[in-house]
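Peer 1: Predicted structure and sequence below. I'll ask about it afterward.
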Amino acid sequence: MSNQPKASAARADLRSALGKCLESSLNRLDSIWHEIGFLEEEKCQRTKTVFEHIHALLDDLATEEEEGRKKLKESADQHAVEYAKLCKELSVADEPISNELSLLAREGELRQRATVLQKERHRRVSKARALVSHEENLCTSLRQTRQLQDISRDYVPSKEQLQKWQTVVDNLSAEKDQRVSQLAGLQQRLQHLWSELERSPAEDSFDNAMTSCNVEDLTLTDETSQRGEALCQELEKELSQMEETAAGLRGQLVTLWKRLVVPSDEQDAFLQAHGGHKTSAISAMEIELQRLEELKRQHMGKFIQAVREELVTLWDSALYGPKQRQEFHQANDTDFSEELLAAHEGEADRLRQFVQNNLAVFQMVEKREHLWTRMQELNASAKNPNRYNNRGGQLLKEEKMRKTIAKELPKVEKELSSLLTDWEAREQTHFLVNDERYLDMMTWQKESVENKKEADKLKRQMSKKATLQENSHVSQVSITPVKRRLAPSSSSSMAKKSTTPNVAGGRSRPGSVRAGSVKSQPKVFTQPSAAPRQALRETNTMEASVAVASSTNLDPNYSLASISTISYNDFEKAAMSSGRCSSMERPPTIPQKLFNDS
């Protein structure tokens, strides 16, 4: 309040200065008007204009201030409504505001109170949502029914509700910590067992999750603990079996070492390097056992290997593919025994009998394949443009061979199809060549060749069509002008003649003549048909006429009949500009009316 007298005095000074400034400006304007020579009436009119400007400016300022006062009042009312609403939502007493405060002070006070309550509301809502979200995650991990429900966007919990929700979350957190501790113990046991077994659990499995994942990421339920305990017992049982397996392998090794008279120092070195019952030790003992068994089977393996080499030759003769060869699983068996040798010999006997019984079919297939391959080679050679450079009658030989194969191949295919059809009906199975039914293979090969021929034929037709269209276009453009004389008009008078040097031949020509006296010397071209020549003459005449009309300032929309007299030079210049004749030749046929005298 102590600053109000000073502010009032300053305001009075400003008003006085404003009056002096206005008086000084008016005096300056009056001096300027006097020097200009304005009359008193004009000075009065201009002074009135200055007054109107100043009055309008002050009115605008007052209007703006009035709008500011109105907005300030609306803001104060809005903050008052918001403050009352927040007091109700937060269960806070609504403290009244003194009426002695100015509008500006009242608006500021209401805005500050509303801001404080808005922050409190935001804090409660944020904490409530965090508690609800945490409770949801805990219930999901513990597989329990939720106790808290999602709050709506406009709901604001009280302090008592927040405290109750906090207690629920604390109880769930304690239960989760207990189960995490239990599962952590199981995880340590599982990691030890996997290490002893020298194995790793399968990815994306419960075993891998129980062993390597973070315990808190697991489903913290009794079922998870039970499954973890069962897995531990299973691995412990497997570890016990591995101990028994290791002991049994050591016994077998000792027995074989004795039978094969292996030195004792080698035996001790091996047992010392591969002691225990881990997977690596068991694998090493199994490899050593296989080596010792191999010593027993060495002679038997030589016989089996010889039969296998014979099988490869028989498979080739029978045109077997990879799948048919893999059907004899014993071919990859390394456990050489009497039973394995008997199986190999039986398969070899079966293949020999199969090839012998169907020798005619295999010979026919071989013959057909030879003819088909040779035909494809000849077809490919026929497309080679360099084949005409060969000497020695190579083209004649190829053509003779092509005719021979074209005559013989259908007969062979027909006979082979009959043989294969009878064979499949008798054997109740398909005749395969390289794992494919040969009847289907022949059909597919012929269809493939026919489709390629049709594609090549269509390509040639399209190319030929494009060439004909291009040649037709060129022939229509390159047209020889026709030498002819137009009939003179009965109503026209003789034009005056003047000679000018001819650019092409050096002869003189008329400057303005009738159409009947025009002479042209055509170049030598292949003449097209009559219809294209007539169409081109009409086109050339029309284009030349329009060009002449343009060069002589005539309306291009006029008809040819409306043009009375045009000089020959003008017509020739227009015809050359239209691109229908060069500077070395005369224009084409010219309409008679273009050269009639008026």
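Peer 2: Yes, it's here. Not measured: the values here are computed from a predicted model.

Peer 1: name the element Leu148 belongs to?
Peer 2: Using DSSP states H and E, Leu148 is not contained in any helix or strand.

Peer 1: Please name the residues that touch it.
Peer 2: Taking CB atoms under 8 Å, 6 or more residues apart in numbering, we find Leu148 in contact with 131-132, 135-136, 165, 168. C-beta: built from backbone N, CA, C; applies to glycine.

Peer 1: from the residues you listed, which is closest to Glu310?
Peer 2: Glu136 (72.7 Å; CB to CB).

Peer 1: confidence score at that closest one?
Peer 2: Looking at Glu136, its pLDDT reads 84.

Peer 1: how about JSON lines for the contacts of Leu148, with secondary structure, distance to Leu14 and neighbour count added?
Peer 2: Output for the contacts of Leu148, formatted as JSON lines (DSSP: H, G, I helix; E, B strand; the rest coil; distance: CB to CB, whole Å; neighbours: other CB atoms under 10 Å):
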{"residue": "Leu131", "secondary structure": "helix", "distance to Leu14": "60", "neighbour count": "20"}
{"residue": "Val132", "secondary structure": "helix", "distance to Leu14": "61", "neighbour count": "19"}
{"residue": "Glu135", "secondary structure": "helix", "distance to Leu14": "66", "neighbour count": "22"}
{"residue": "Glu136", "secondary structure": "helix", "distance to Leu14": "66", "neighbour count": "14"}
{"residue": "Trp165", "secondary structure": "helix", "distance to Leu14": "61", "neighbour count": "21"}
{"residue": "Val168", "secondary structure": "helix", "distance to Leu14": "67", "neighbour count": "18"}
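
Peer 1: could those be laid out in a markdown table, adding distance to Arg106?
Peer 2: Shown next, in a markdown table, are the contacts of Leu148 (distance: CB to CB, whole Å):
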| residue | distance to Arg106 |
| --- | --- |
| Leu131 | 38 |
| Val132 | 39 |
| Glu135 | 44 |
| Glu136 | 45 |
| Trp165 | 38 |
| Val168 | 44 |
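
Peer 1: nearest to Tyr438, of the residues you listed?
Peer 2: Glu136 (67.3 Å).

Peer 1: doesn't Gln147 make contact with that closest one?
Peer 2: No. Counting by CB atoms under 8 Å, Glu136 sits too far from Gln147 to count as a contact (10.2 Å).

Peer 1: Please spell out which residues along stretch 320-330 are buried.
Peer 2: Judged by neighbour count (16 or more other CB atoms under 10 Å), stretch 320-330 contains these buried residues: 320, 328, 330.

Peer 1: Likewise for stretch 183-197?
Peer 2: 183, 186-187, 189-190, 193-194, 196.

Peer 1: quick one: which of these sit in helices?
Peer 2: 183, 186-187, 189-190, 193-194, 196 (DSSP state H).

Peer 1: Export the residues you listed to JSON lines and append columns for distance to Arg368 and pLDDT.
Peer 2: Shown next, in JSON lines, are these (distance: CB to CB, whole Å; pLDDT from 0 to 100):
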{"residue": "Leu183", "distance to Arg368": "71", "pLDDT": "82"}
{"residue": "Leu186", "distance to Arg368": "70", "pLDDT": "83"}
{"residue": "Gln187", "distance to Arg368": "69", "pLDDT": "81"}
{"residue": "Arg189", "distance to Arg368": "70", "pLDDT": "82"}
{"residue": "Leu190", "distance to Arg368": "65", "pLDDT": "83"}
{"residue": "Leu193", "distance to Arg368": "65", "pLDDT": "82"}
{"residue": "Trp194", "distance to Arg368": "62", "pLDDT": "81"}
{"residue": "Glu196", "distance to Arg368": "65", "pLDDT": "80"}
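
Peer 1: need the contact list for the nearest residue to Asp333 once chain neighbours are set aside.
Peer 2: Of all residues not flanking Asp333 in the chain, Leu340 sits nearest, at 5.7 Å (CB to CB, 6 or more residues apart in numbering). Contact analysis of Leu340 by CB under 8 Å, 6+ apart lists 304, 330, 333.

Peer 1: what number of residues lie near the last one?
Peer 2: Right, Asp333. 14 (other CB atoms under 10 Å).

Peer 1: try Glu447
Peer 2: Residues near Glu447, counting by other CB under 10 Å: 10.

Peer 1: about what we covered before: nearest to Gln161, of the contacts of Leu340?
Peer 2: Asp333 (75.6 Å).

Peer 1: other SSEs contacting the top helix by length along the chain?
Peer 2: Ordering each helix of the chain by length in residues (DSSP H) puts helix 40-89 first. If contacts are counted by 3 or more CB pairs under 8 Å, 6 or more residues apart in numbering; DSSP states H and E, helix 40-89 sits against helix 4-36, helix 103-142.

Peer 1: tilt between it and helix 4-36?
Peer 2: On the basis of axes from the mean of the first three to the mean of the last three CA atoms, to 10 degrees, helix 40-89 is oriented at 150 degrees to helix 4-36.

Peer 1: quick one: helix 40-89 to chain centroid distance?
Peer 2: When C-alpha coordinates are averaged (CA atoms, centre = their mean, to the nearest Å), helix 40-89 and its chain have centres 61 Å apart.

Peer 1: what's the average pLDDT for stretch 34-42?
Peer 2: 86.

Peer 1: what about that stretch, start to end distance?
Peer 2: 10 Å (CA to CA, to the nearest Å).

Peer 1: buried residues in that stretch?
Peer 2: So for stretch 34-42, nothing qualifies as buried (16+ other CB under 10 Å).

Peer 1: For it, which outside residues touch it?
Peer 2: 33, 43, 46.

Peer 1: Turn those residues into CSV, including neighbour count and distance to Glu234.
Peer 2: Putting these into CSV (neighbours: other CB atoms under 10 Å; distance: CB to CB, whole Å) gives the following:
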residue, neighbour count, distance to Glu234
Trp33, 16, 114
Lys43, 15, 116
Arg46, 15, 111
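
Peer 1: export those to JSON lines and tack on distance to Leu253?
Peer 2: Output for the contacts of stretch 34-42, formatted as JSON lines (distance: CB to CB, whole Å):
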{"residue": "Trp33", "distance to Leu253": "132"}
{"residue": "Lys43", "distance to Leu253": "134"}
{"residue": "Arg46", "distance to Leu253": "129"}
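
Peer 1: now, which of the residues you listed sits nearest Ala105?
Peer 2: Nearest member of those to Ala105, counting by CB to CB, is Arg46, at 46.0 Å.

Peer 1: which residues does the closest residue to the closest one other than its chain neighbours contact?
Peer 2: Leaving out its chain neighbours, the residue that sits closest to Arg46 by CB to CB, 6+ apart is Trp33, at 6.4 Å. Residues in contact with Trp33 (CB under 8 Å, 6+ apart) are 42-43, 46.
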